[in-house]
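Asks: Sequence first, then the predicted structure, then my questions.
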Amino acid sequence: MNRWIISFIIGSIVSAAALAISFKNIPIQDILHSMFDFDYRWGLVSIALAYSSIVIRALRWQLIIQAVYNVSFRDVYNPVILSYFINCILPGRVGELVRPILLTKEKKIPFSFGIATLAADRFFDVTILLGLYIIVMHYLIIDPTISITFANITLTTDTLHSIGHKMFILMIILICMIIGFSIKLTRQMIIFLITFCFNCLLMIIPSRYESFMRAIILDPFLKIMYSFAEGLELIKHPRMTIMCFALTALTWFTSWLSFYTIAKGFNGIDLSCFQTLTLLIIVCFIVALPSVPGYWGIWEAGGMFAMALFGFTGESAAGFTLINHTIQLIPPFIAGFIAMTITGTTLFKLNVYDTSGMCHDKNNK
């Protein structure tokens, strides 16, 4: 049996087990009954919009990488779609590492460079998401006593505000990291500090080991750090940075439209544009919490919490949230399966390649 088939079976079993655990003791029959009120023609529109959002994210990542390396859309599309696919079937968001791993394997681009581009990629998302969160929270009136429990997951307004606070801290960390590695002066200060600490370490080590220690510790570390700094090169190009923010805004716009079309197709669920945006923001905040593959359970809890803010509760709210979640997972699951089949990528091949000794391929620049 081919390895990619084994990988798919293993991932599917893990995802199915997570789904069964998440929906234990949930009145699934009542929820499924409410799903008959959905016009699935709107679902097809939502699937197309959700897929478009992923494509736009791939374009943004391509732009970030192209600040240093010439890569085609195909070079970035497969890693992006496969990262979403792996997140659907494996826990811990391990799919995020698929992007730099495949970039290293296929284009011989340093792994640390790929990690840095993910940090830049996340910076754009977090910035827009926090901006939308501030706008929504300014106009939204929330009952501080509201609490929703789904699949043993309890969410309150305190949970939402706590995640918002952590998102803000994450954005500050990303900004500091980008500034620290992008500006030549601060980067030199970091290198000086690292080198100074290493030299202090050498003072207590016999001199005959100095060359060996430099070769296996300091030199590889500095090489990784330079590659990481290159991954943030985009920030030095205002035009490309503005384009990335524009693509990020377009990504969130298509995601909102995907949610909105589902609301249009569900009888008995009448959500306004603002309410649908609120639903999107809250779900995205809640799935930031540790969860099972595909975010089963935690997504439904976040969706039902948002729906309760607007007076929608019970099986209809749960059915709407489950349909929404399923539709959002269809594009990465199908497209990821196709990409895995075409590229021959398997879970067995997704290991971290030797990146410390990865030299820059000048032909790729």
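Replies: Ah, there it is. Residues are numbered from 1 along each chain as shown.
Asks: Going along the chain, name the strands of the stretch 101-250 of the chain.
Replies: Secondary structure of the stretch 101-250 of the chain by DSSP state E, counting those that start in this stretch: the strands cover 147-150, 153-156.
Asks: The last one pairs with which strands?
Replies: If I follow you right, that is strand 153-156. strand 147-150 (antiparallel) (DSSP bridges).
Asks: any idea how far residue 69 is from residue 110?
Replies: Distance of residue 110 to residue 69, computed by C-beta to C-beta, to the nearest Å: 10 Å. C-beta coordinates here come from the backbone N, C-alpha and C atoms, glycine included.
Asks: Which one's more surrounded, the two?
Replies: residue 110 (28 against 22; other C-beta atoms under 10 Å).
Asks: And residue 321, how close does it get to residue 163?
Replies: Relative to residue 163, residue 321 is positioned 18 Å away (C-beta to C-beta).
Asks: now residue 99
Replies: 24 Å.
Asks: Neighbour count: those two, which is higher?
Replies: More crowded of residue 99 and residue 163, by other C-beta under 10 Å: residue 99, with 23 against 20.
Asks: in what helix or strand does the more buried one lie?
Replies: Assessed by DSSP states H and E, residue 99 sits inside helix 98-107.
Asks: Now that helix: buried residues?
Replies: 98-105, 107 (16 or more other C-beta atoms under 10 Å).
Asks: how many other residues sit next to residue 149?
Replies: 12.
Asks: And the one 3 residues further on, by the same measure?
Replies: Residue 152 is surrounded by 12 other residues when neighbours are defined as other C-beta under 10 Å.
Asks: Would you mind measuring from it to residue 284?
Replies: Taking C-beta to C-beta, one finds residue 152 at 21 Å from residue 284.
Asks: Show me the helices in the stretch 101-250 of the chain, by range?
Replies: 111-139, 157-182, 184-202, 210-213, 219-230, 238-264 (DSSP state H, counting those that start in this stretch).
Asks: Mind checking those helices for the one nearest to residue 289?
Replies: Comparison of these against residue 289 by C-beta to C-beta identifies helix 157-182 as nearest, at 7.1 Å.
Asks: host element of residue 269?
Replies: Going by DSSP H and E, residue 269 is not part of any helix or strand.
Asks: got a list of what the closest residue to it other than its chain neighbours touches?
Replies: Of all residues not flanking residue 269 in the chain, residue 320 sits nearest, at 5.1 Å (C-beta to C-beta, 6 or more residues apart in numbering). Neighbour list for residue 320: 34, 38, 262-263, 266, 269, 303, 307, 312 [criterion: C-beta atoms under 8 Å, 6 or more residues apart in numbering].
Asks: Check residue 57 too.
Replies: By C-beta under 8 Å, 6+ apart, the neighbours of residue 57 are 80, 121, 247, 251.
Asks: Lowest-confidence one in those?
Replies: Note: of the contacts of residue 57, the lowest pLDDT belongs to residue 121, at 91.
Asks: For that residue, which non-adjacent residue is closest in space?
Replies: Closest to residue 121 by C-beta to C-beta, 6+ apart is residue 61, at 5.7 Å.
Asks: Could you tell me the per-residue confidence at the nearest residue to residue 336 once chain neighbours are set aside?
Replies: Ranked by C-beta to C-beta, 6+ apart and with sequence neighbours excluded, the top spatial neighbour of residue 336 is residue 85, at 2.3 Å. The model reports residue 85 with a pLDDT of 86.
Asks: Give me the secondary structure label for residue 85.
Replies: Using DSSP: H, G, I helix; E, B strand; the rest coil, the structure places residue 85 in helix.
Asks: Next, work out how far apart the residue nearest to residue 269 and residue 264 are.
Replies: 12 Å.
Asks: With residue 134 as the reference, measure out to the residue most central in space within the chain.
Replies: For the chain, the residue nearest the mean C-alpha position is residue 96 (6.5 Å; C-alpha atoms, centre = their mean). Taking C-beta to C-beta as the measure, residue 96 falls 26 Å from residue 134.
Asks: likewise residue 107?
Replies: 38 Å.
Asks: how many neighbours does the residue lying closest to residue 202 once chain neighbours are set aside have?
Replies: In space, and not counting its chain neighbours, residue 202 is closest to residue 210: 5.5 Å by C-beta to C-beta, 6+ apart. Residues lying near residue 210 (other C-beta under 10 Å) number 13.
Asks: Same question for residue 137.
Replies: 14.
Asks: quick one: contacts for it?
Replies: residue 164.
Asks: can you start the count at 35 instead of 1 from here on
Replies: All right, first residue 35 from here; so that's residue 171.
Asks: circling back to that earlier point, pLDDT value on the residue nearest to the centre of the chain, please?
Replies: 86.
Asks: what does the one 5 residues further on give?
Replies: We have a pLDDT of 90 for residue 135.
Asks: hmm, back to that, would you convert the strands of the stretch 135-284 of the chain into JSON lines that also reports mean pLDDT and distance to residue 204?
Replies: JSON lines is the format used below for those (pLDDT from 0 to 100; distance: least, C-beta to C-beta, whole Å):
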{"stretch": "strand 181-184", "mean pLDDT": "76", "distance to residue 204": "25"}
{"stretch": "strand 187-190", "mean pLDDT": "80", "distance to residue 204": "20"}
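Asks: would you turn the ones you listed into CSV with distance to residue 377?
Replies: Shown next, in CSV, are the strands of the stretch 135-284 of the chain (distance: least, C-beta to C-beta, whole Å):
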stretch, distance to residue 377
strand 181-184, 36
strand 187-190, 35
